[in-house]
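**Q** Dropping a prediction and its sequence here:
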Amino acid sequence: MQNESLTRNWIRHFSLCLCVLCGSHFSPLSWGEDTSPEAELASFQIASGFDVNLFASEMDGVLKPIQIRFDPQGRIWVIGSTVYPQLEPGQTPNDKILVLEDTDHDGKCDKVTVFADGLMIPTGIELGDGGVYIGQGTELLFLKDTDGDLKADERRVVLRGFGTGDNHQNINSFMWGPGGELWFCQGLHTHSNVETPWGIVRMNQAGLWRFRPRLKKLEGFYGSAYEPQNPWGYVFTDWGEPIVIAGNNSSPIYPVPGLTSRHLDLAPTIIWKNGQGRKSSGADIVGTAHFPDEWQGTLITGGYINNAVWALRIVEDGSGFALEDREPLIKSSSRNFRPVDVKFGPDGALYICDWFNPIIGHYQASFRHPDRDKTHGRIWRVTAHGRELTKRPELAKASIPELLNDLESPDRWTWQFAKRVLADRLAEEVVPAVQKWAADDKRSEPGLKEALGVLQSHEAATDDLVAKLADGVDPGARAYAASVVGWWADRLHDPVSILRRLAEDENPRVRLHAIVAATYVSDARALDVLAAAAQRPMDKFIEYAFAQAVYALDALQRVRSLLSNESTGAERRFALWQILIRNGDSRDLQNVLLVQDSLLRRNLEPLMLDAVRSRHVEADAHAAMVLGKPVREGDPATLRLAGLWKLEQFEPDLVNA
């Protein structure tokens, strides 16, 4: 015993010295430190107007919680791992899924059920399709309770082949999207080769996954060493716009510009400009009458590195979004407070998943450092002081008409989970009821958007509802319609006509979605969507999507071919030239100078010169030969191009011009 104690003390001393030398923020758990919930609660600095209470803890069996999700009954499902970061020799993995209930609605857990055990470092959970999806190592699992005792008695592998190069970057942060698709992430050191009914789907490094359960279709996006290198969570705005939360270098992104059918490795725009390296995971958006008006629409995320719960405004930024700081919801002086997920509940309260650990990662200290906490875990509950809680909706047993009316609820939790219940009901009962409900002219556009999401969940394609939203008053409705055209591009009557019109929309976000959706259209006319968008103003998000779309559609060669065809009309020719100028190579830009139509050339020259400057296109080996004659003739645009390219052989001509 004495030797064991000496060894542990030596390890602590060595680890502390190593952290000092490496500049790490890790400091080991102090001897005799009070780790009680009461002591941790006392460490919280809480935003004015809010209260915090303990919902559940290690006393309820909550150990090292990683992610929390609600079910339509209002119960909290928790995955946790005492195995993380490494299975030790001789150890049998026994990580669990817990179901936490507050049966008397006093804001505290009073019933705990172990739904499943024997898991090994589960990193993602989501409920739906009559069971539970779990991310564990290389596998996407589906667990189901078949006899009603709230314990899993069926377990099957849905997909396998996900990478495990770094276990805190395994597939994680499961979240249903607005159309019933399952989103999740993987991190930088992960390389996945997943066998699906549609073929092997590969994604290397950090990226986003989208899984459509009824089709068993898996798609990967981004997949590169660019930020966010460790994506860990999603939120969706009221109009279904995704924002990806980042566990690496405060690098959340608005991912829509990169959700094309094929992808170039390009760095996306980081939208938290003053994040200053703050890392976060898990998030939710305020949309409950229980919280004050000034908090509505606020994005709340777990700042696990800085022992804080951050609150961020989502602000418009052209076709995308930006995040701006507001006062934190919670800051703690305890280094053990590690909020890794946050979710609103049916009562309007915010629930915080607290990993509770002095060591948060596995770069800062040894995998087997003795101060790695294995015995604590907390779920905190935040309420607005003096404000009534939200009335808990009864969704699980509600009728289909009742659930459809709940789609227009002002409460985010209510309409999100009403939609989820409808997604899980039988399609032959739900689909005709949704179509009839949506045909009523009294329905709001937000309600119609949710109804369309229900139909997406059942893969029940419909031209009518898509067309109705495409003509919507709110640009959010039109943008969502554009995204669904891409979703059902192979089943709608005329997707190109809808997208071409939306590509010319006055709202930039609508145009952005139309560009992305066009990449899923198997029709040569998809190029017309890009041509239409090319004639409208662009910003950084649209430019990104445009480059991806040109690549996805193999558009450049098709554009060159159309421009060489004399039957291509003048109006279309100008639009095609704009695509080529925005994305073509040096030869394409030089060819502007060879355009015979003098009016068309005059309109194209400023765009060409601007592209050389902004895209930093360098001259190729043939540039001097192409530019030679017009330079000697004193052509102004050619002289400017020669100057931009610093072609030395034309220096006398430039001096004398």
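**A** Here it is on my side, so go on.
**Q** Low-confidence bits of the chain, can you list those?
**A** 1-32, 362-363, 657 (pLDDT under 70).
**Q** The residue most central in space within it bridge partners, please.
**A** By CA atoms, centre = their mean, the chain has its centre lying nearest to Val244, at 3.3 Å. Judged by DSSP bridges, the bridge partners of Val244 are Tyr234, Ile253.
**Q** how far away is it from Gly277?
**A** 17 Å (CB to CB, to the nearest Å). No exception for glycine: its C-beta is placed from N, CA and C like everyone else's.
**Q** ok, back up a step: how about the residue nearest to the centre of the chain, what does it touch?
**A** 185, 208, 228, 231, 233-234, 252-255 (CB atoms under 8 Å, 6 or more residues apart in numbering).
**Q** and the two most separated of the residues you listed?
**A** Greatest spatial distance among those (CB to CB): Cys185 and Tyr254, at 14.9 Å.
**Q** more crowded one of the two?
**A** Set Cys185 next to Tyr254 and count neighbours by other CB atoms under 10 Å: Cys185 wins out with 31 against 25.
**Q** Check the contact between Ala433 and Ser399; I expect there is one.
**A** No: if you go by CB atoms under 8 Å, Ala433 and Ser399 don't touch, sitting 9.5 Å apart.
**Q** Looking at these two, which is more packed in?
**A** Between Ala433 and Ser399, counted using other CB under 10 Å, the more crowded position is Ala433 (19 against 9).
**Q** ok, and for the one helix or strand that one maps to, which residues are buried?
**A** Element membership of Ala433 [criterion: DSSP states H and E] is helix 427-438. Neighbour counts over helix 427-438 (16 or more other CB atoms under 10 Å) mark 427, 430-431, 433-434, 437-438 as buried.
**Q** And that helix, what does it pack against?
**A** Helix 427-438 sits against helix 400-406, helix 412-424, helix 445-457, helix 463-470, with contacts defined as 3 or more CB pairs under 8 Å, 6 or more residues apart in numbering; DSSP states H and E.
**Q** ok, and what's touching it?
**A** For helix 427-438, contacts defined as CB under 8 Å, 6+ apart pick out 400-401, 404, 422-423, 443, 448, 451-452, 454-455, 458, 460, 462, 464-465, 468.
**Q** try stretch 454-462
**A** Contact partners of stretch 454-462, identified using CB under 8 Å, 6+ apart, comprise 178-181, 212, 214-215, 407, 419, 422-423, 427, 430-431, 434-435, 452, 465, 484, 487-488, 491-492.
**Q** how long is it end to end?
**A** 11 Å (CA to CA, to the nearest Å).
**Q** Off-centre distance for it?
**A** 21 Å (CA atoms, centre = their mean, to the nearest Å).
**Q** Same check on stretch 527-542?
**A** For stretch 527-542, the distance to the chain centre is 23 Å (CA atoms, centre = their mean).
**Q** and it, which residues are buried?
**A** 527-534, 538-539, 541-542.
**Q** for stretch 68-78, same thing?
**A** 68-72, 74-78.
**Q** Next step: these restricted to strands.
**A** 68-70, 76-78 (DSSP state E).
**Q** farthest-separated two in those?
**A** Across those (CB to CB), the longest gap, 10.7 Å, separates Phe70 and Val78.
**Q** which residues of the stretch 501-650 of the chain fall in helices?
**A** 508-518, 526-534, 540-552, 555-564, 570-583, 586-591, 598-615, 623-632, 636-644 (DSSP state H, counting those that start in this stretch).
**Q** For these, state which one has the densest average packing.
**A** Mean neighbour count (mean count of other CB atoms under 10 Å) peaks for helix 508-518 among the helices of the stretch 501-650 of the chain, with a mean of 29.
**Q** I'd like to check the angle between it and helix 555-564, please.
**A** Angle, helix 508-518 to helix 555-564, by axes from the mean of the first three to the mean of the last three CA atoms, to 10 degrees: 90 degrees.
**Q** other SSEs contacting helix 508-518?
**A** Counting by 3+ CB pairs under 8 Å, 6+ apart, helix 508-518 packs on helix 475-487, helix 495-502, helix 526-534, helix 540-552.
**Q** need the helices of the stretch 501-650 of the chain in TSV with distance to Asp325, can you?
**A** Formatted as TSV, the helices of the stretch 501-650 of the chain follow (distance: least, CB to CB, whole Å):
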stretch	distance to Asp325
helix 508-518	23
helix 526-534	33
helix 540-552	21
helix 555-564	40
helix 570-583	34
helix 586-591	42
helix 598-615	31
helix 623-632	48
helix 636-644	40
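**Q** quick one: which of those helices is nearest Asn167?
**A** helix 540-552 (30.7 Å).
**Q** Now, of the contacts of stretch 454-462, which are buried?
**A** Using 16+ other CB under 10 Å, the buried ones in those are 178-181, 212, 407, 419, 422-423, 427, 430-431, 434, 452, 465, 484, 487-488, 492.
**Q** picking up where we left off before, which one of the buried residues of stretch 68-78 is nearest to Glu294?
**A** Nearest member of the buried residues of stretch 68-78 to Glu294, counting by CB to CB, is Phe70, at 25.0 Å.
**Q** send the alpha carbons of stretch 153-163 over as PDB?
**A** Presented in PDB, the C-alpha positions along stretch 153-163 are these (Å, rounded to 0.1, in the frame of the first residue of the first chain):
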ATOM      1  CA  ASP A 153     -33.700  -6.300 -25.800                       C
ATOM      2  CA  GLU A 154     -32.800  -5.900 -29.500                       C
ATOM      3  CA  ARG A 155     -29.500  -4.600 -30.800                       C
ATOM      4  CA  ARG A 156     -28.400  -4.500 -34.400                       C
ATOM      5  CA  VAL A 157     -25.600  -2.800 -36.500                       C
ATOM      6  CA  VAL A 158     -27.100  -0.300 -39.000                       C
ATOM      7  CA  LEU A 159     -23.700   0.700 -40.500                       C
ATOM      8  CA  ARG A 160     -20.100  -0.100 -39.800                       C
ATOM      9  CA  GLY A 161     -16.800   1.100 -41.000                       C
ATOM     10  CA  PHE A 162     -16.500   4.500 -39.200                       C
ATOM     11  CA  GLY A 163     -13.000   5.500 -38.200                       C
END
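**Q** can you pull the buried residues of that stretch?
**A** Per 16+ other CB under 10 Å, stretch 153-163 contains these buried residues: 158-159, 161-163.
**Q** likewise stretch 110-128?
**A** So, applying 16+ other CB under 10 Å, buried residues of stretch 110-128: 113, 115-116, 119-128.
**Q** List the ones among the residues you listed that fall in strands.
**A** 113, 115-116, 119, 122-128.
**Q** how close does the residue nearest to the centre of the chain sit to Pro89?
**A** 37 Å.
**Q** Likewise for Leu452?
**A** 53 Å.
**Q** Arg572 too?
**A** Counting by CB to CB - Arg572 and Pro89 are separated by 68 Å.
**Q** Over to Ser614?
**A** On the measure of CB to CB, Ser614 and Pro89 end up 57 Å apart.
**Q** Checking the closest residue to Leu215 other than its chain neighbours next. Helix, strand or coil?
**A** Of all residues not flanking Leu215 in the chain, Glu459 sits nearest, at 6.3 Å (CB to CB, 6 or more residues apart in numbering). Assigned with DSSP: H, G, I helix; E, B strand; the rest coil, Glu459 falls in the coil class.
**Q** hmm, back to that, the helices and strands packed on helix 508-518: which one's closest to Ser564?
**A** helix 526-534 (14.6 Å).
**Q** Tell me which other helices or strands the closest one touches.
**A** Counting contacts by 3+ CB pairs under 8 Å, 6+ apart, helix 526-534 is packed against helix 495-502, helix 508-518, helix 540-552, helix 555-564, helix 570-583.
**Q** from the chain's centre, how far out does the last one sit?
**A** Distance of helix 570-583 from its chain centroid, counting by CA atoms, centre = their mean, is 32 Å.
**Q** cool, the fourth one as well?
**A** Centre-to-centre, helix 555-564 and its host chain are 34 Å apart (CA atoms, centre = their mean).
**Q** could you dump it to PDB, C-alpha only?
**A** Extracted C-alpha coordinates of helix 555-564, given in PDB (Å, rounded to 0.1, in the frame of the first residue of the first chain):
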ATOM      1  CA  ALA A 555     -19.600  22.500 -65.100                       C
ATOM      2  CA  LEU A 556     -16.500  24.100 -66.600                       C
ATOM      3  CA  GLN A 557     -16.200  21.800 -69.600                       C
ATOM      4  CA  ARG A 558     -19.900  22.000 -70.300                       C
ATOM      5  CA  VAL A 559     -19.700  25.800 -70.200                       C
ATOM      6  CA  ARG A 560     -16.800  25.900 -72.600                       C
ATOM      7  CA  SER A 561     -18.700  23.600 -74.900                       C
ATOM      8  CA  LEU A 562     -21.800  25.700 -74.900                       C
ATOM      9  CA  LEU A 563     -19.800  28.900 -75.500                       C
ATOM     10  CA  SER A 564     -18.200  27.300 -78.500                       C
END
